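Student: turn this into a model:
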Amino acid sequence: MRVEFDATDRTLLEALQNNARLTTSELAQLTQMSQSPCWRRVKRLEDAGLIAGYQARLDRRALGYGVMAFVTISIEGQDESHSLDFERAVRQIPEVVTCHGVSGPEDFVLIVVAADLDAYSNLMQHKLRRLPGVKMVRTSFSLQEVKPMEGLPLPQLGTPV
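Tutor: Okay, the predicted model is just below:
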């Protein structure tokens, strides 16, 4: 479903992306609208799928995850059942915070967190290498987070999304 959004919608999306705790009253003030029409706008953006949900950004280090790794994995079979088995299993590992099927020589890229290198080694040996169909695993550790994901760039006004 393609949705056209205007300057008010863009303001709402930017504001909520930066601080999802803003109240309808605060959003209405920001957009110079009354609360009811503002709430309806936000609801329309949610219903259109532009707002997929709301969540807090947690600090991984404060939670004890000192290690972040980018893990590329190749699997044995390239058919759908091998991929689905892998995908089902990887969803069950809480330390895998992101998993993408990718093009190129590897099949999947994972972002993984662990308390320290020992915890990562344990995770690698007992979970990641034992995922269904794993043929090759390669790890790169994050040394410095230069630009964390804080939001998505919004398309230009008038661009259907």
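Student: against the centre of this structure, work out the most remote residue.
Tutor: In the chain, counting by Cα atoms, centre = their mean, residue 34 sits farthest out from the average C-alpha position, at 32.3 Å.
Student: so how far is residue 9 from residue 44?
Tutor: 8 Å (Cβ to Cβ, to the nearest Å). For glycine as for every other residue, the C-beta is placed from the backbone atoms N, C-alpha and C.
Student: which of those two has more neighbours?
Tutor: Neighbours were counted for residue 44 and for residue 9 using other Cβ atoms under 10 Å; residue 9 has more, 21 against 15.
Student: and residue 136, that's in a helix?
Tutor: No: using DSSP: H, G, I helix; E, B strand; the rest coil, the assignment for residue 136 is strand, not a helix.
Student: what's the neighbour count on it?
Tutor: Residues lying near residue 136 (other Cβ under 10 Å) number 13.
Student: can you tell me the closest non-neighbouring residue to it?
Tutor: For residue 136, ignoring the flanking residues on the chain, the nearest one in space by Cβ to Cβ, 6 or more residues apart in numbering is residue 74 at 4.2 Å.
Student: quick one: contacts for residue 61?
Tutor: Contacts for residue 61 (Cβ atoms under 8 Å, 6 or more residues apart in numbering) come out as none.
Student: that one sits in which helix or strand?
Tutor: Using DSSP states H and E, residue 61 is not contained in any helix or strand.
Student: show me where the chain has strands.
Tutor: Using DSSP state E, the strands of the chain run over 67-75, 96-101, 108-114, 134-141.
Student: give me the beta-bridge partners of the most centrally placed residue in the chain?
Tutor: Closest residue to the average C-alpha location of the chain: residue 98 at 6.4 Å, with Cα atoms, centre = their mean. Counting by DSSP bridges, residue 98 forms beta bridges with residue 111.
Student: mind listing what's buried along stretch 31-49?
Tutor: Using 16 or more other Cβ atoms under 10 Å as the test for burial, stretch 31-49 gives 31, 33, 38, 41, 42, 45.
Student: average pLDDT for it?
Tutor: Mean pLDDT, stretch 31-49: 95.
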